[in-house]
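Colleague: Generate a structure from the sequence data that follows.
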Amino acid sequence: ASTKTSRVCHQALPERVSSIELRQVNKSDSNRKTSCLRSSLIIQGEEYEEESSMSNKNTMPAFKSSIILTAAASEIAMAAADAEAMKHGWEVTICICDAGGVPIQVKRNSFPASYSIAVEKAKTAALFGKETGVLEDAVNIVEGRGSSRSSLLSAPYVLMRGGVPFIVDGVICGAIGVSGVKPDQDEQVAKTGIAALIDLF
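Modeller: Take a look at the predicted model:
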């Protein structure tokens with residue numbers, strides 16, 4: 001164990017308290033590391049000591065590794081998603097974004113509104129780490145499904161099917177959003193692009 005000690009003497013201390021001593025004690029064993037703050041009050045020559053933990057019993061990692069989508073990866077996902085749309089004759093807008101929801105690449109169709117919808121679907125999927133279809137189900141009641149969480153509708157997100165996140169080992173790395181055809185068709189195109197990214201592993 002290692003200890004750092006600092007002594008505080010201040011005119012504002014109560015009359016009977018001559019000093020306060022703070023010791024930060026770092027302890028370690030085979031299972032965990034613990035940091036404690038040990039305080040000592042010197043009262044009329046007698047020392048009273050108290051120790052409190054400064055960290056959780058189970059130490060959490062300070063960092064997590066992530067995978068950053070590159071332009072090359074975006075091209076692969078776009079090619080796969082676009083091929084799926086063309087195979088079915090679907091004219092769609094496709095957006096591929098990073099983990100923060102910022103577009104890396106967008107291919108748009110002739111309908112201007114689809115651009116914003118596809119971009120926002122991708123952003124929503126990335127920031128929530130969920131398929132936008134799941135979020136849509138949460139705010140709708142269809143044949144007894146959904147929780148009718150209508151308050152979500154006031155949030156600045158697009159809760160429409162067609163956005164799919166790209167997640168590796170529990171870490172969100174990006175997303176694909178698609179707009180232009182039926183909701184399940186948008187989602188199908190997006191999932192095809194995600195599958196192409198997964199195949200890279």
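Colleague: Using CSV, write out every CA atom in stretch 80-88.
Modeller: Taking C-alpha atoms only, stretch 80-88 is exported to CSV below (Å, rounded to 0.1, in the frame of the first residue of the first chain):
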residue,chain,number,x,y,z
ALA,A,80,-23.9,-3.8,-50.8
ALA,A,81,-26.8,-1.8,-49.7
ASP,A,82,-27.2,-0.1,-53.1
ALA,A,83,-27.0,-3.5,-54.9
GLU,A,84,-29.8,-4.8,-52.7
ALA,A,85,-32.0,-1.8,-53.5
MET,A,86,-31.3,-2.0,-57.2
LYS,A,87,-32.0,-5.8,-57.3
HIS,A,88,-35.5,-5.0,-56.2
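Colleague: Any idea how far apart the tips of stretch 90-107 sit?
Modeller: The straight-line separation of the ends of stretch 90-107 (Cα to Cα, to the nearest Å) is 13 Å.
Colleague: quick check: mean pLDDT across it?
Modeller: Across stretch 90-107, the average pLDDT comes to 97.
Colleague: That stretch: which residues count as buried?
Modeller: Buried residues in stretch 90-107, counted by 16 or more other Cβ atoms under 10 Å: 90, 92-99, 101, 103-107. Any C-beta I mention is one placed from the backbone N, CA and C, and that applies to glycine too.
Colleague: So which of those belong to helices?
Modeller: If you go by DSSP state H, the buried residues of stretch 90-107 have nothing in helices.
Colleague: Need the max-distance pair from these.
Modeller: Trp90 and Ala99 (27.0 Å; Cβ to Cβ).
Colleague: can I get the CA coordinates of stretch 171-187 in PDB?
Modeller: Output in PDB follows, covering the C-alpha atoms of stretch 171-187 (Å, rounded to 0.1, in the frame of the first residue of the first chain):
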ATOM      1  CA  VAL A 171     -19.400  -0.900 -28.900                       C
ATOM      2  CA  ILE A 172     -21.400   1.200 -31.400                       C
ATOM      3  CA  CYS A 173     -19.200   1.900 -34.400                       C
ATOM      4  CA  GLY A 174     -21.700   3.500 -36.800                       C
ATOM      5  CA  ALA A 175     -25.000   3.000 -38.500                       C
ATOM      6  CA  ILE A 176     -26.800   2.900 -41.800                       C
ATOM      7  CA  GLY A 177     -30.100   4.700 -42.500                       C
ATOM      8  CA  VAL A 178     -32.300   4.200 -45.600                       C
ATOM      9  CA  SER A 179     -35.300   6.000 -46.800                       C
ATOM     10  CA  GLY A 180     -37.500   5.900 -50.000                       C
ATOM     11  CA  VAL A 181     -39.600   2.700 -49.900                       C
ATOM     12  CA  LYS A 182     -41.700   0.800 -47.400                       C
ATOM     13  CA  PRO A 183     -40.400   0.700 -43.800                       C
ATOM     14  CA  ASP A 184     -39.400  -3.000 -43.900                       C
ATOM     15  CA  GLN A 185     -37.800  -2.500 -47.300                       C
ATOM     16  CA  ASP A 186     -35.700   0.400 -46.000                       C
ATOM     17  CA  GLU A 187     -34.600  -1.800 -43.100                       C
END
